[in-house]
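Engineer: Show me the folded form of this:
(one chain, ligands or ions: 1)
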Amino acid sequence: MNEKQQTRLLESSSRFSPPPGVRLSYGTAGFRADASLLHSTVFRIGILAALRSLKTKSVIGLMITASHNKVSDNGVKIADPSGGMLSQHWEPFADALANAPDSQHLLQLIDEFVKKENIALEGRSAEVLLGRDTRPSGEALLEAAKQGIGSITGAVAVDMGVLTTPQLHWMVRARNKGIKVTEADYYDQLSSSFRCLIDLTPQGSEFNKMNEKLIVDGANGVGGEKLVVLKKILNDLDIEIRNFDKGGVLNEGVGADYVQKEKVVPRGFGPPDVGMRCASLDGDADRLVYFSVLSNASDKIDLVDGDKILSLFALYIKDQLTVLNKVEGDKENKSYQASLGVVQTAYANGASTDYLKHAGLEVVLTPTGVKYLHEKAAEYDIGIYFEANGHGTILFSDGFLHWLEGRSAELALTSKGTEQEMATLRLLAVSKLINQAVGDALSGLLLVEAILQHMGWSIQRWNELYNDFPSRQLKVKVLDRTAVVTTNAETVVVKPLGIQERINAETAKYPRGRCFIRPSGTEDVIRVYAEANTEEAADKLATSVAQLVDQFLGFGGS
Ligand code: G16
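Structural biologist: Got it, this is the predicted structure:
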């Protein structure tokens, strides 16, 4: 690093001292903490983003969001050139940068890393696209990011404005594929591929009048605003959007995380909506769950979670592949044996995994965190991944898409209008509608709507695919969540010693019992998940294991 660059870094970093006594780590989805603690971290991640852009010779994304967390929190994460999460190989560098005690240490770290990674700093340009959600702390943090990026010579920050997280990831992916990336391009791609899928709906399977309207909870966040734009473009789509413009608090009593964890109606929904198809986005619109209000006497809902969205997508894709691969008479078999895989985490309801396996699908488990699921799904020609919390997408391999385009063109000449040709067109439209960079509530919602129309299904019919086993999730505040270390896709605790045996003993008391604990990567808590044969049993199992966590690790613990 030359002297001019060193002086520039020292000068700018002296304006962003880290808060004393705070240790941050690049968790499940980047850094997250109370927004007041994050200025120096975001500044430093701006530097990392610029270096990543130099290293990869590509456009990088930097998003300011804390997604489902409470409004006083914020966070920062990086989108890699593919639009996916930051390469895990760089996470230790992110941790080291965030926790460097002062400017001198920071400079030394950067210098060593630049040498180790062989990053050419001189005579090169770097570009970082910036986005933020609607959190009040976002603007000041974005400014810190800009200063971090600007402290690397030749690096340019491009402010894309207030966006959903998936929009920014989509833009980074598109830019690196040489495609235009304004927000309007995103809406264009989603709306045109959605229309295309609707036009391919089989005759006679359209929604009946009862099922037409969808009501959406916008979590008082950015997703609701953006859905209003999509609704204007798709003016034939009957959507009512709530919780986005009345000054409600982000994620408070609303949003996908609340609805999925508490299994109750969000604010602004109630008895008049009984039986209607409803959906809920989270704070930055990267998660989606559906639900229906059960009765006018309670706030209980029928939850249609990420597992059921996954099942719907998998069923539809599998059907299209079956049509595509059908060989008629003695015609030559021109099929492509595309590998199809589905990826879940330990949070997936056991009934969903049973259902998917029975349907003949290959199911794999990874630890929590889109970065793990995405990586696994990318191993297939078509990889579908979803977390129960509603975060997921579908990935198509380049090889399969290339074959599909060719096959579609061929069928258009030889067998136009056949089911096989339609199947190629549907799969191509899905690959454009779904956000292949990362889970995206808006594109996911449009795909769910198109598939339900294709099937002619109500939300109730969809929900009947299988019955969820009763489950309960709790969180426990502890002294140090890093004291919990897990293995086997987070289903077994290896530290602290002895706790797994106690969890096993508790779980064995309940028919169909299943339970695990893991440290959250986005909140300062230990999460507890329990499943059993009745609601009461799942609640009891979760509560007793939460007590165990408190005994082993809690404030009053041993
Ligand atoms: C993020 C991640 C998800 C993860 C969730 C909860 O979601 O992207 O993969 O499931 O955090 O993680 P944890 O249980 O470790 O706190 P989001 O929507 O908050 O960005």
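
Engineer: and the stretch 1-150 of the chain, which of its residues are near the ligand?
Structural biologist: 28-29, 67-68 (C-beta under 6 Å from any ligand atom). All C-beta atoms are positioned from the backbone trio N, CA, C, and that covers glycine.

Engineer: Tell me the most packed of these, by neighbour count.
Structural biologist: Counting neighbours by other C-beta atoms under 10 Å, the top entry in these is residue 67, with 30 neighbours.

Engineer: Which helix or strand contains that one?
Structural biologist: Assessed by DSSP states H and E, residue 67 sits outside every helix and strand.

Engineer: contacting residues around it?
Structural biologist: Residue 67 is in contact with 29, 75, 133, 165, 282-284, 286-287, 522, counting by C-beta atoms under 8 Å, 6 or more residues apart in numbering.

Engineer: count of neighbours near the nearest residue to it once chain neighbours are set aside?
Structural biologist: With C-beta to C-beta, 6 or more residues apart in numbering as the criterion, residue 67 has its nearest non-adjacent residue at 4.6 Å, and that residue is residue 284. As a burial measure, residue 284 scores 34 neighbours (other C-beta under 10 Å).

Engineer: how near is residue 284 to residue 368?
Structural biologist: 17 Å (C-beta to C-beta, to the nearest Å).

Engineer: repeat for residue 460
Structural biologist: In terms of C-beta to C-beta, residue 460 sits 30 Å off from residue 368.

Engineer: So between those two, which is more surrounded?
Structural biologist: Using other C-beta under 10 Å as the criterion, residue 460 and residue 368 rank with residue 368 on top: 25 against 13.

Engineer: ok, and the closest non-adjacent residue to that one?
Structural biologist: Using C-beta to C-beta, 6+ apart and skipping residues adjacent in sequence, the residue nearest residue 368 is residue 345, 5.0 Å away.

Engineer: So what's the residue count around that neighbour?
Structural biologist: Neighbours of residue 345 (other C-beta under 10 Å): 25.

Engineer: Likewise for the one 5 residues further on?
Structural biologist: Counted with other C-beta under 10 Å, residues neighbouring residue 350 total 14.

Engineer: returning to that earlier point: enumerate every residue touching the residue nearest to residue 368.
Structural biologist: 365-368, 372-373, 387-388, 489-490.

Engineer: Can you give me the pLDDT of it?
Structural biologist: With respect to pLDDT, residue 345 has a value of 97.

Engineer: Also residue 273?
Structural biologist: 88.

Engineer: From residue 216, how far off is it?
Structural biologist: For residue 273, the distance to residue 216 - C-beta to C-beta - is 12 Å.

Engineer: Have a look at these two and say which one is more surrounded.
Structural biologist: Neighbour comparison, residue 273 and residue 216: the larger count goes to residue 216, with 26 against 20 (by other C-beta under 10 Å).

Engineer: Three-state assignment for that one, please.
Structural biologist: strand (DSSP: H, G, I helix; E, B strand; the rest coil).

Engineer: okay but it is in contact with residue 224, surely?
Structural biologist: Yes - taking contacts as C-beta atoms under 8 Å, residue 216 lies within contact range of residue 224: 7.2 Å.

Engineer: can you list residues touching both of these two?
Structural biologist: 241-242, 281.

Engineer: So which of those residues reach the ligand?
Structural biologist: Restricting the shared contacts of residue 216 and residue 224 to those touching the ligand (C-beta under 6 Å from any ligand atom) yields no residues.

Engineer: Out of these, list just those in strands.
Structural biologist: Taking DSSP state E, the ones among these that sit in strands are 241-242, 281.

Engineer: does the ligand sit close to stretch 159-166?
Structural biologist: No - using C-beta under 6 Å from any ligand atom, stretch 159-166 stays clear of the ligand, coming no nearer than 6.9 Å.

Engineer: how about the helices in the stretch 451-558 of the chain?
Structural biologist: Counting by DSSP state H, counting those that start in this stretch, the stretch 451-558 of the chain has helices at residues 459-463, 499-507, 535-553.

Engineer: Of these, which is nearest residue 123?
Structural biologist: Minimum separation from residue 123 across those (C-beta to C-beta) falls at helix 535-553, 51.7 Å.

Engineer: neighbouring contacts of the closest one?
Structural biologist: With contacts defined as C-beta under 8 Å, 6+ apart, helix 535-553 is touched by 469-474, 476, 478-481, 483-484, 496, 498-499, 502-503, 506-507, 509-511, 513, 515, 517, 526, 528-532, 556-558.

Engineer: which parts of that helix are buried?
Structural biologist: For helix 535-553, burial by neighbour count (16 or more other C-beta atoms under 10 Å) applies to 537-542, 544-546, 548-550, 552-553.

Engineer: and if you look at stretch 317-325?
Structural biologist: In stretch 317-325, counting by 16+ other C-beta under 10 Å, buried: 317-318, 320-321, 323-324.

Engineer: same question, stretch 157-177
Structural biologist: Quick answer for stretch 157-177 (16+ other C-beta under 10 Å): 157-158, 160, 162-176.

Engineer: Keep only those of the contacts of helix 535-553 that are in strands.
Structural biologist: Within the contacts of helix 535-553, residues falling in strands by DSSP E are 471-474, 476, 515, 517, 526, 528-531.

Engineer: TSV for those residues, including neighbour count, pLDDT and distance to the ligand?
Structural biologist: Shown next, in TSV, are those (neighbours: other C-beta atoms under 10 Å; pLDDT from 0 to 100; distance: C-beta to the nearest ligand atom, whole Å):
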residue	neighbour count	pLDDT	distance to the ligand
471	23	95	15
472	23	95	15
473	17	95	9
474	18	96	12
476	18	96	13
515	23	97	16
517	26	97	11
526	25	96	10
528	24	97	11
529	24	97	10
530	28	97	15
531	24	97	17
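
Engineer: distance between the ends of stretch 273-292?
Structural biologist: Stretch 273-292 has an end-to-end distance of 8 Å (C-alpha to C-alpha, to the nearest Å).

Engineer: From the ligand, how far off is residue 386?
Structural biologist: Separation of residue 386 from the ligand (C-beta to the nearest ligand atom, to the nearest Å): 10 Å.
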